[in-house]
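Just the structure for this:
(chains A, B, C and D)
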Amino acid sequence: MKPLIELKGVNMVFSKRGSFVRDEKFFHVLKNVNLDIREGEIVALIGESGCGKTTIGKIVTGLLKPTSGEITYEGKNIYALIKLGKEFDDYRRFVQFVQQDSYAALNPVRTIRQSLEAPIMTHYRHDTREQVGAKIDSLLELVGLNPPDQFLSKYPHQLSGGQRQRILLARALSLDPKLIVADEPVSMIDVSLRLTILKLMSDLNRRLHVSFLYITHDLATARYIADNNRIVVMYLGEIMEEGDASEIISNPRHPYTQALIAAIPIPDPEFADLDRELPIKSMEMQSLEHRGKGCPFVPRCPYAGSECTDEIVPVTVGERRIRCARLPHVPVFSTIRPGIVRTGGSNS
Amino acid sequence: MIRRSILKKLLLLTAVLSVSFGFYSCDEIIGGKTVDTFYMLANWETVGMKNHINGGSQAGLLNIFSVEPLIQYVRSTDEIYYMLAESVDHNDDGTTIIHLRPEARWHNGDDYVAQDVVAYYYINQLEATNYMSAIEAIDDKTVKITWKASIEPNDNVKNLILAVDPVGSVKYDVFKTWVDAIIEIMDEAPAMPEGYTGWAPFGKIVNDVQETAAYANYAEFTNYNPDWFIATGPYKLYSVNETDMILIANEDHWAYEYLKFKYVHSYNHITDPTQIYGMLMSGQLDYAGGTPILDTLEQILLANENLVHFKTNDPGACGLLFNLAKTVSVDGVRRPLFNDKIREGFEYIFNRDDIAFIANPYSKVTYRSMMAMAPSDAEKYMSEEAWDSLTVYSHDASRAAELLIEGGWSKVDGWWHGEDGEKLSFTLHFDGSNDHQARAAQATAAQMNEFGIETKLKSSSSWNDWFGSAQSYVWSSELSLTWTDLNMSFSYPTGSFVYAFRDVSFKVIHLPKFPAFGEAGYEEVPEKYWGDLSVELPTFDRTGTFLLIDKMQGLYSLDDAEMQETVDDIITGVASQNWGVPFYQNSCGMFYNTKAFTDLPRKDLWEADRNIEYIPSGNEDDLTDFYAFGRLNIHFSYAATLIDWERFFENQ
Amino acid sequence: MEKFKSFLRHLRMFLFKYRYFFMKLGIALLTLGAVVILSFILIVNMPGTVIDAFAMQLSVERRISLDQAYILATQMLNYDPDAPILERFSVYLGQLLQGNLGVSIKNSAKSVNLILRELLPRTLFVSSIALTISFLLGTTVGSRTIWRRKSFGARALDGYIVVSNAVPDYIVALILITVFAFNLGWFPNQGAYNALLDPGFNIIFILSLLYFAFLPISAHVFSQMSFWSMQMQGSALGVLGEDYINAARARGLPEKIIIRKYLKRNAMLPLVTQLAISFGVMFGGAPLMESIFNYPGIGQAFSQAIAERDYYVVQGILLFVSVIVIGVNLVADTIYSLIDPRIRRSA
Amino acid sequence: MIMSPAKTLSRFRDESTRFLHAVARIFFGNARSALGTSVLLFFILLGIFGPLLFPYSSEIDVTSQLLRPSIEHPFGTDLWGRDVFRQIVVGTSDVLSIAFLSALFSVAIAMILGMLAGMVGGIFDKTILFITNVFLTIPSLPVFLILAALFTVDNPVTFASILSVFSWAGMCRAIRAQIISLKERDFIQICRVMKMSNVHIIFKELLPNVGSYILINFIIVMKNAITGSVGLMLLGVASFEPTNWGAILTTAKNSGALINPNSYMWLFAPILSIAVFQLGVILLSKGLDDTFNPRLRVM
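Numbering: from 1, shown residues only, chains lettered A, B, ... in the order given. Below you'll find the predicted structure:
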């Protein structure tokens, strides 16, 4: 499968302007990120808050321009496309965004119809009003809002969180995208409803062959949606490990992934009284301002050695890539956390 | 908690105290006034008041009651009182001998001497000095004036010229430095050449260097601030702040025993008519000028039974003035907005009776055109034949329309359109601080709108403000309602002409001027015309024309017959131009408190009706009342009002 | 060199620590500069030159011809209307820097500095008393009524707020002076103190000052109080939802204490900056109010100067009043940042 | 799913009636705004149809000077014998247009500059912020006086322009602040992702969000414009139609109407009209505030 979007060596540096009384500051938010998303696949991007996953989402959707590195869309550099105009328009259409806060993502003073109509009328200029109306109706039905008439003239605050999230999906789908970047789409809705939204997403992926970049901090949902797909784990702006979802969850290799998976609470009394200590050295975190070329996880990593401060070359094991210099020294996960894999697996 | 309640009580206590104290103290200044005090209004500078009248600051009451002239004239009647001078003798040899009162003294007790008179004329160099060739002190109490032979005024005018100036304001001892300096400059200046008619004080023409030195000297003089107010008059300064000024009778004054009041108390900056009326009603004022509308006048008299309202003749007519600088573009050619026909047409538009009645019910309507002299004066100084020849217009809308159409205007849909076919929309500008003119302006605008000429009003907050805009060439208003003819000093024929042709009217009308020095084409004009009015008018007998400013030269020297001829020429000539449309000749109204001012004239009249409608006209049969009423206007007669002349003359 | 560097470092630290204040100070100075330029431009463009008006007056007063008066006027004012504008501006600026705000065109003894020295205290007297009273009354009433929004007092206040907003302050002034000065004669209709008293710091004189200022202060208070109670209501409404109020209620504290210690105090904080703006508004409104009451303050001097086209005085007063407003704003901002540290951090 | 044209049409009709309903709900939604709207509507109708119903003649009639109120002259007559009630009626359109134009100008300036400053940011934003600072600092009334001396103020447009010189600054700041907070919101980001035009973002997404604020301020500026215009009239610096309410008030005051019982109504009529109009405007703005605020708080 050829990659739809590819990030090659992307770096993102934010700076805070200096003055006479203050020095200029630089924050290295993304460091040498390589990521590819293929047609029709779901990629789950996992990391704790502040690790730069939303930044990646914004870079992929074109909201932010990386400081260095390139993004290719179907093999073409998108920032070279800008100059060509038309093709960047296509890119804009084919990559859509679903945000975390469904309330903030909809204009509170515009009805659902207005919010849905506008993008279609911008990009499908030749459609008549009836065609647009019909399209909106079918979109709403697609995302499971039935009957559509009931929702169209409502304002966002009159809908529930789950309904709004479906509207966002419908809006993203309205331009027939090839990729939807979903930034924590379910984190703000009731747990009971999450599953239906996630189900809808994988459903859409299957039916419409739309790729998803699912950004989350929640491994459980990531595992669910990226079943048979890929998971990418990030820490402090760097990709730590990536590979097939079930493989990573059942056998995390990177110390950070291991810690992440170990942090999932276990609702099984059989394992509840097990030692719950996380496999990390300390809670200390590297600053984004002064970072070396080595692994950012060093201060926390219980297995860290002197080689970790050097440039790290990812180890490729089949489909999997692990960015760890001391991989041979990292124990197999099941030896430190028995039971988790089984529990996680039985949930599906 | 405790502190808070104490604070509250303290606040309350302060409020109660201040209010009750107010009631107590206002007894002194508002309700039960001090006996022997005369209350009136005046304006003075709140800050930076200088201790002499020449400093340029407005000194309010001090100007009126503290600074004396040699002779005082009453502006509306030309009646004369000897103040600092005991006698003024005009001799046939072109000299005048002035004997000062032996008992005339400065407020600090020093004798008022002849040298002080000389000092005054030298340092101020006002208009009178242009007619003098020399002024000298013969002895301490005698001054000799030698008049310029070429323009020697007649005796009548000599008195009036001397009566203009507040001579008792420059004490030689105090201002010695600058007086000596200017005398030296004038002594060095060369005498004017024979036949010279320009400005030459004491017959001398200063050169540029001397002139600069003289101005610098004058500026220093005005900036000097002595430690007491330099004056000789019957009242001297007692206390002053921003809102109140109190004068006390001057015990050293020659008329001290004949002064009607011990104190004069005045309030500052009260220009709002409502406030003045309110103070009159509550008895806070013993005197105030002005004639409110009939209703209000009656209310005021009703509220305070001690008030009477006098009226006198006012040597000034109010009406409409055209701004002749306004043009209209017809086919790319600029033409005057108000051409001859239009101006004539305007004379017929107005119902002047209504305007006059509303402005001031006791004013006198006039249906003649602007003539640069108040109608009552014109009638007095013109020959009967000339007076009768003046066109008497009428309220005749159809005649007005005919003339406007002849002048190129047209009426479409009920509104008049100009020569360019555009709908006319005028702004009528007036001085809002003058209440009868403000009323007349509203009535005028109403009548113009009724006639079909769209007119808006614009009010200025003071005369200075109005004149400041009106004299500018980029002035946006087309019309103004103001004095068309006004006598600013004595009534002798020239007073009004100076106002019209030199000071105000011609600048507002924007009459053509000769180029001023340095302007294009000035070399082709004789020097005496530079920057002056360039208007040629037909003579009365229609045999020829004359240049207006030529007639203005040497007016004072003419004898009675020559004067009448000149006045006839000027007035009929000006009237033929229709530069303005006067509506009424004003009358001056004065409220007096009979309890304070006990010897008001014509008790028989005001006991019958406190709103005295009788206005003496100055004919032989009512001359006594004419003078007596005229003297009541403090702003026309100054300190002369507060001196009991009858008793004074009895005891001399 | 070392010393210089350490000085620089300390300076940087000092500036950084108080950066909020210095930023505000910088803005204030820039604003001041803009005001200076603006007032100069306004005056330069006023119709009818200064000289013309002055010459006219001289010629009437001294009965000399207008041409003569014109020359005299240029000499006396030492002002050349034909000089290039930049030159005039530099002269003006030079005078300003020497603390010379300008001199009346008619009377060189009447300078703006003198006017300010003599008249500003009056206006300050009236406006500061009026501001204090209306602030205290308004905030008290506002915080009381927000507690019980359906009570009679709250409804009455609502009515008062609407009415006092609908009737402009100068109409209130007109009504007050008509009723209490003209008709009832309880209060004087002009002046700042009894002319027969010697000005001085004694109880009688101060009481006289208060008595004469009573009506102007009342007019200000009437229209300002509604503003403060309105602001207070708005601010208190926000505070009312805070947890500490509920906690205090739950603890069973008396209503009075809650209103005073919790509600009022916290709701008053954001009003401090409004105080400065309100002060500026009162100063701006002074020309109209003082002319109605004939109160000899800076506002009356200003409207008179406008009427008499005494441009330098107009310019000088306008400038100084702006300086006061800028200064008060600066002080208010600083005070606010001291009592509410959140502001400083957000700078 | 294909929709029949009839259904589509009916849906649009539905929507337009719904829009009208929404407008009605905003303006008549609570007692305050209902009363305020009625007052405002009354004055607007009076301004348009009043002069037709009560034709005014500027003709002066000295025989009917200062009549007390009667059936023929509900507010009496003025010094020139003209009916005060009809003057008020004729003057309504002038007063309304000054208020409306002034609000329009200042809201337009505030909106354009505030939105630009918020959208563009950077040095442009700082400059605008600084300019508003200057305008908020200089006392407005004195500058009105100077401006009125500088320009000929003789029609509602110039009058309104002078009045709006000072009323835009505060509003401009508030709009800028709102735009800055709005433009970081997710729904604006989505517009960027979806490559919506800037025109769409400004007019369809941002403007409706500051709409209620602008509407309320529009009304408040109207109120301030009337206060200011009457103040300027009282100081006598503007040229005027004698029927302008401020002009009636000023003339009545200057003619001593305060102390003459016959002319109390002459003075009181413009005060009453101004007060009632202001009252309506204030009620409306408060009512609108009530209507909009709860929803704004949910945001």
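
Would you tell me which residues of the stretch 51-200 of chain C are close to chain D?
Within the stretch 51-200 of chain C, the positions near chain D by Cβ under 8 Å from any Cβ of the partner chain are C:162-163, C:165-168, C:170-171, C:174, C:178, C:182. To be clear about C-beta, it is placed using only N, CA and C from the backbone, and glycine gets the same treatment.

Over to chain B?
B:272-274, B:277-278, B:281, B:292-296, B:299-300, B:303, B:354, B:357-358, B:427, B:429, B:432, B:435, B:438-439, B:442-443, B:445-447, B:449-450, B:456-461, B:465, B:476-477.

Then the stretch 51-200 of chain A?
Close to chain D, as judged by Cβ under 8 Å from any Cβ, the stretch 51-200 of chain A has residues A:61-63, A:89, A:92-93, A:95-97, A:99-101, A:104-110, A:114-115, A:118-119, A:122-123, A:129-130, A:133-134, A:137-138, A:141, A:153, A:157, A:171, A:175.

For PyMOL, write a command that selects the buried ones of these.
The PyMOL command for the buried members of these (criterion: 16 or more other Cβ atoms under 10 Å in any protein chain shown) is given here:
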select buried, chain A and resi 61+62+92+93+95+96+97+99+100+101+104+105+106+107+108+109+110+114+115+118+119+122+123+133+134+137+171+175
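
ranges for the helices of the stretch 51-200 of chain C?
Assigned by DSSP state H, counting those that start in this stretch, the helices in the stretch 51-200 of chain C fall at C:66-77, C:85-97, C:112-147, C:152-166, C:169-176.

other SSEs contacting the third one?
Just to be clear, that refers to helix C:112-147. Using 3 or more Cβ pairs under 8 Å, 6 or more residues apart in numbering or on different chains; DSSP states H and E, the elements in contact with helix C:112-147 are helix C:152-166, helix C:203-240, helix C:265-268, helix C:271-293, helix C:298-307, helix C:311-339.

The residue of the stretch 201-350 of chain B found nearest chain C and chain A, how far apart?
Closest contact between the stretch 201-350 of chain B and chain C, by Cβ to the nearest Cβ, is at residue B:244 (3.1 Å). To chain A, residue B:244 is 57 Å away according to Cβ to the nearest Cβ, to the nearest Å.

Got phi/psi on that residue?
Main-chain torsions, residue B:244, degrees, to the nearest 10: phi -130, psi 140.

Quick check: it touching residue B:263?
No. Using Cβ atoms under 8 Å, residue B:244 is not in contact with residue B:263; the gap is 11.4 Å.

Residue D:247: neighbour count?
Using other Cβ atoms under 10 Å in any protein chain shown, the number of residues around residue D:247 comes to 27.

any idea what sits nearest whatever residue of the stretch 51-200 of chain C ends up closest to chain D, other than its immediate chain neighbours?
Chain D sits closest to residue C:166 of the stretch 51-200 of chain C, with a gap of 3.8 Å, by Cβ to the nearest Cβ. The spatial neighbour of residue C:166 that comes closest, neighbours along the chain excluded (Cβ to Cβ, 6 or more residues apart in numbering or on different chains), is residue D:278 at 3.8 Å.

quick one: that neighbour is in a helix?
Yes. Counting by DSSP: H, G, I helix; E, B strand; the rest coil, residue D:278 is part of a helix.

Throw the helices of the stretch 51-200 of chain C into a markdown table and include mean neighbour count, distance to residue B:574 and mean pLDDT, thanks.
A markdown table is the format used below for these (neighbours: other Cβ atoms under 10 Å in any protein chain shown; distance: least, Cβ to Cβ, whole Å; pLDDT from 0 to 100):
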| stretch | mean neighbour count | distance to residue B:574 | mean pLDDT |
| --- | --- | --- | --- |
| helix C:66-77 | 19 | 20 | 67 |
| helix C:85-97 | 13 | 41 | 81 |
| helix C:112-147 | 20 | 44 | 87 |
| helix C:152-166 | 16 | 54 | 81 |
| helix C:169-176 | 20 | 44 | 86 |
